[in-house]
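A.B. asks: I need the structure of the sequence given here:
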Amino acid sequence: MSLTPDEVRSIARLARLAISDRDIPRYADNLSRILDFVAQLDKADTTSVAPMAHPLDMSQRLREDAVTESNQRELFQKNAPQVEAGLYLVPKVIE
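C.D. replies: I've put the predicted structure just below:
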């Protein structure tokens, strides 16, 4: 798969990356090679491979789901700059 310069610009914009125009051909080549490799991996026959979450066949020891600490909300919120109705107030970060 070969990416066009416009596609690279679009990807960079979506990723919030600043890429200079002189670097776009290099990014297009590198990203295209990555996509070609992924397409090559997609052709591998995995029908006999069982899905797994971890490469080691081990079970996790689980602890009992029990409360181990007391509620200290009032103490913690005393240190907060702004609190309202038991919630921390923070500045807006998304426009």
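A.B. asks: contacting residues for residue 24?
C.D. replies: Shown in contact with residue 24 (CB atoms under 8 Å, 6 or more residues apart in numbering): 5, 8-9. Every C-beta, even on glycine, is put in place using the N, C-alpha and C of the backbone.
A.B. asks: roughly how far apart are it and residue 2?
C.D. replies: Distance, residue 24 to residue 2, by CB to CB, to the nearest Å: 13 Å.
A.B. asks: what does residue 54 give?
C.D. replies: Distance, residue 54 to residue 2, using CB to CB: 36 Å.
A.B. asks: Can you show me the helices along this protein?
C.D. replies: 5-14, 24-42, 73-77 (DSSP state H).
A.B. asks: I'd like to know which of those is closest to residue 95.
C.D. replies: Smallest distance to residue 95 across those (CB to CB): 15.5 Å, for helix 5-14.
A.B. asks: Which pLDDT does the model give the residue most central in space within the chain?
C.D. replies: Central residue of the chain (CA atoms, centre = their mean): residue 15, 11.8 Å from the mean position. What the model reports for residue 15 is a pLDDT of 96.
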